[in-house]
Each structure stands twice: as structure tokens, then as C-alpha cells.
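**Student:** need coordinates for the following:
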Amino acid sequence: MASDEVLARLQAYRQNDAPTHGGRVLSYVYDHGMPELDELAAQAMRMLQPVNGLDPTTFPSVALMESDLVAFGRAMLHGPRATGSVTSGGTESCLLAVKAARDLWRARGGVGRPRLVLSTSTHAAFHKAAHYFGLDVTVVPIDVVSGRAPAAALVAALDAQVALVVVSAPSYPHGVIDAVVDVAGAAADQRIPCHVDACVGGWVLPFWEEAGGEALPQWDFRVRGVSSISADIHKYGYVPKGASLLLFADAELDLARYFAITDWLGYPVVNPTMLGTRSATSLASAWAIVQTLGTPGYAGLTRRVVDATSAVVSAVNEVEGLQVLGERQGPLVAVATDESVPAESRVDPLLWTAAAAKGGFVLQGQPAMTQPDGTRVPHTAHLTITPVTEGLLGELLPVLVGAADVVRGQALPSPEALSHNGIPDPVVLADGARAGGDLDLTTVLSLIEALPREDSARLLSAFLQRFTAPRD
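**Tutor:** Predicted structure coming up:
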């Protein structure tokens, strides 16, 4: 194919993608609203396009850019002696934090199978890490009202088998900052590392109060016992996807994330991240944008996020039948049904999400969950607020109010009705979605609630396997 034909086909492939700019997708993307930054990132990526990040002694630019980003992160997160790396994203940062803690636990004489302590609101990447690296997981339920796991329950789960305890700043589902001070301090007393998952908040919460946001509890390296922090640069750092910062408070734990081997016939392998060969393009774009924005730039963008978040929260609180769930702190908003009003006045957040999509705004549905203690966290709609949201409030807020009016009093099918026919055929679902270019996410989320979680996980895996397979 000629190059113009290749690009034309690629453009055709992109036609059904959700828009990455403009603020109409309130999850997954973090739009700064500054086209000149996108162009800067593209130029930086092109400049580093042929570089292999595997060996910074051969390509010293990799080490120099990474050092600059770690230095910026040190200052931002108040860890003057912190060390770490730029990774490919939040999942890799979380995996490395768990791997380092596991290896340190073993080096300190841990016997048997190590354990990870977290809450039901902790990101799924930590379950993935436990699955990959052979750790058991203790899951502590959150308080349904606050959205926060009680510190006492997390602390009570700590013992000699625990390699790592994880807290969030904030949690993705409800935007709530965990009790970092209490948990990290108790963990330190038992010489257990405490990781703060600030993948979503790490580049916005440091500027939140200065930008006029609500007062926040301390959650970064100023807190005794915080041993590592993950903070995704490709979220509120506003860089192209593929960049996260992982920092460790001390060199011993940091060194445990490395993999090194010299007893094979090839070159010495020393990997600070999960990847060996890795592109330097994301690192370059991250470096360029962070150098350009600096602290003043991030504070200014955060000010827009603070204002937009306040406006959205105020608007939702005025909608009959809806309420903001949890003690939200920061730019993430979870919206649930207000159960205190009569049934005919209630608004189901999943139906609300579907109605808002027809108005041009994509919210993210989150299924309900029964926690280990039997309490039930209701399903919610998730909104990630970004700087460009501020300029869309005149369109967004009427859509949110109008969508609630459309579905008020309506109810989802009961779990019994949905599960009556058993697990649907994932091949049929995938083929239908590919043929129509759309997927009924409300039904999918309702099925997740209705089916046993193991069954719904298998269903979604088989669905995605078919959805991404070559066409027959």
C-alpha cells in the first residue's frame, strides 16, 4: 500500500473511536485544552523515535530525561531523597511496587506466601500484581457512606506475612483519599512498606489547595511510613499515553524493583522496569511537557479543574434522585441514586449515563458490588473532570440535568430477569458490537452485577478475545 492509502485506512479505523479531545469523554482521557502542547509532544516523540530505552549508557538522553522527571516528582511529592523510574503506565508502576515489596519481604526472611492488604476501592492493577507475582490478597471493605476503608480494619490486617499495604490518593471509583497517615504509620511500626496509589491524583492533588480546592489530608512522602508512590504523568500530567512515575522513599526498596542477570551468553541485562527494550518516545513527550508547564503551569490547569469540579458537584447535588457518593476529595466524582427520595423520583446512574451519552457526553458506569462483609456498594456513574470541562459547563450541566429528567423513576431489569437465561454467548455479543459499532454498556454492567463475578470475568475475557480477533 502507498503511504497515503495507509494513512487513509488508519483514519477510517479511527472513525468510531471516542473523541480524545474536547472534554466530551469524562474518563480515560485528560485534555489540557492546549493544542501547542500536543504539537510539542509530537516533536519530542519524533526526535526520540529511534532510541532504545533498554540501555541508558548507550543512549544517555534516556537517563537525563528520566532524572529530570524524577527530580520534578521529588519536589512535587515532598520526597527529597526519593528515587525511581518512569514506567509505561500506572499498571506497570503498581506491578513494580508489589514486586519490590515482595522481594524485600523475602530478603528480610519472609517465609511462605506473602500477602497484600488493600481495600475494595484499590485499583485492580494490584490484584493483577498479586496474581502475577504469587501473593495472597486481603481485601478490606470500604464504608459505603464515606467511600473509604476504615483505617482500623486495614491496620488489623497487618502481620508478618504482609509484604505491602496499599492506600489510594484518591481511589478511582469514588475519588476518596484513604487514611494514609494512620495506615502508613501503623505499617511503619511493623516494618511493612506502604504504597500510595496516586496514579490518578499524583499530578493534580499537589496543586489542589493552591488552586482553590478543598483542604486535603497529607498523603505523600511527608507522611511517616509512605514507602512508595505511583503517579501517572499521562493522566493529570497531560502527556500522551504511556508514562507514569514510580518513586521509592529509600534506596533499599527501590533496588528491589530491578531485575539483573549476567549468567547468560549475551549482554548484561539490567532492567529497572518490567520492559527490556522500550520506546523512549513517551518518556520524551513527558519530559518536554513537564519542562514546559512546570509548577506554575500545573497550578493553572488545576485551578480550572477545581472550578469545573465544584460546578459539576453543585449541579448534581441539585438534581432530584441523584447524589454524589463518598467523601470526594479531588477531581473524580461518583454519582449514585439518592435512595432517600420516593422510588418515582430516583435516578438510576447507569440509565442516566446512557441518556447523557445521547446528549453528547460519555460518562463511565461502574457496577455495584457486594463486599466481603456482605455490605453492598451501589452502582455509580464516574466523571473525571479535566481543564477543558470548565469551558463546556454551559453544555454539560444542562445535559446532566436533562438526562436525569428523561430516566427519572425508571429501573434497570432485576438481576433475576437478567440471569434467567444464564450467561449470554460472548461471541454473539462481540459480533453484534462489531457489526453495529456500538455496545449496550448498561446491559453489560447490569450483567456483571447479576452474574457471579467469576462468570462475568470469563464472559468479558471471551468477549474481548472475539472482538479483537481478525475478521473471518
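
**Student:** hey, let's count contacts and neighbours off CA atoms from now on
**Tutor:** Noted.

**Student:** how is this protein carved up into domains?
**Tutor:** With domains defined by automatic domain parsing, the chain comprises 35-291, 415-467.

**Student:** need the helix or strand of the chain with the lowest average pLDDT.
**Tutor:** helix 415-419 (a mean of 65; mean pLDDT, DSSP states H and E).

**Student:** I'd like the domains of the chain laid out as CSV, including distance to residue 372 and mean neighbour count.
**Tutor:** Output for the domains of the chain, formatted as CSV (distance: least, CA to CA, whole Å; neighbours: other CA atoms under 10 Å):
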stretch, distance to residue 372, mean neighbour count
domain 35-291, 6, 20
domain 415-467, 13, 15
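
**Student:** okay if I get these as a markdown table plus distance to residue 374?
**Tutor:** Shown next, in a markdown table, are the domains of the chain (distance: least, CA to CA, whole Å):
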| stretch | distance to residue 374 |
| --- | --- |
| domain 35-291 | 9 |
| domain 415-467 | 14 |
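
**Student:** relative to residue 393, which of those is closest?
**Tutor:** The closest of these to residue 393 is domain 35-291. By CA to CA, the value is 17.9 Å.

**Student:** start and end of the closest one, how far apart?
**Tutor:** Domain 35-291 has its terminal residues 16 Å apart, counting by CA to CA, to the nearest Å.

**Student:** so residue 195 lies in a strand, does it not?
**Tutor:** Yes: Residue 195 sits within a strand when classified using DSSP: H, G, I helix; E, B strand; the rest coil.

**Student:** that one pairs with what?
**Tutor:** Residue 195 has these beta-bridge partners by DSSP bridges: residue 166, residue 228.

**Student:** going forward, the N-terminal residue is numbered 730.
**Tutor:** Happy to do that; since the first residue is 730 now, the last one works out to residue 924.

**Student:** show me what contacts it?
**Tutor:** Contacts for residue 924 (CA atoms under 8 Å, 6 or more residues apart in numbering) come out as 826, 893-896, 955-959.

**Student:** what of residue 926?
**Tutor:** Residues near residue 926 by CA under 8 Å, 6+ apart: 823, 895-900, 958-960.

**Student:** for it, give me the pLDDT.
**Tutor:** Looking at residue 926, its pLDDT stands at 98.

**Student:** any idea how far the residue nearest to it when sequence neighbours are not counted is from residue 1022?
**Tutor:** Among residues not flanking residue 926 along the chain, residue 897 sits closest, at 4.6 Å (CA to CA, 6 or more residues apart in numbering). Separation of residue 897 from residue 1022 (CA to CA) stands at 26 Å.

**Student:** swap in residue 923?
**Tutor:** For residue 923 relative to residue 1022 (CA to CA), the value is 30 Å.

**Student:** repeat for residue 1110
**Tutor:** Counting by CA to CA, the gap from residue 1110 to residue 1022 is 31 Å.

**Student:** higher neighbour count, the two?
**Tutor:** residue 1110 (24 against 16; other CA atoms under 10 Å).

**Student:** in contact with that one, which residues?
**Tutor:** Counting by CA under 8 Å, 6+ apart, residue 1110 has contacts 1063-1065, 1078-1079, 1082, 1092-1095.

**Student:** what about it, is that helix, strand or coil?
**Tutor:** Under three-state DSSP, residue 1110 comes out as strand.

**Student:** chain center to the longest helix belonging to the chain, what's the gap?
**Tutor:** Criterion DSSP state H: the longest helix present in the chain is helix 1010-1046. In terms of CA atoms, centre = their mean, to the nearest Å, the centre of helix 1010-1046 is found 16 Å from the chain centre.

**Student:** hey, least reliable of the domains of the chain by pLDDT?
**Tutor:** domain 1144-1196 (a mean of 80).

**Student:** which stretches of the stretch 1030-1179 of the chain form strands?
**Tutor:** With DSSP state E, counting those that start in this stretch as the criterion, the stretch 1030-1179 of the chain has strands at 1051-1053, 1061-1066, 1093-1095, 1098-1099, 1105-1106, 1109-1113.

**Student:** show me what the second one pairs with in its sheet, parallel or antiparallel.
**Tutor:** Strands adjacent to strand 1061-1066 in the sheet, as given by DSSP bridges, are strand 1051-1053 (antiparallel), strand 1109-1113 (antiparallel).

**Student:** what's the first one in contact with?
**Tutor:** Spelled out, it's strand 1051-1053. Taking CA under 8 Å, 6+ apart as the rule, strand 1051-1053 contacts 1042, 1045-1046, 1062-1067, 1075-1078.

**Student:** apply 6 Å and report the result again.
**Tutor:** 1046, 1063-1067, 1076 (CA atoms under 6 Å, 6 or more residues apart in numbering).
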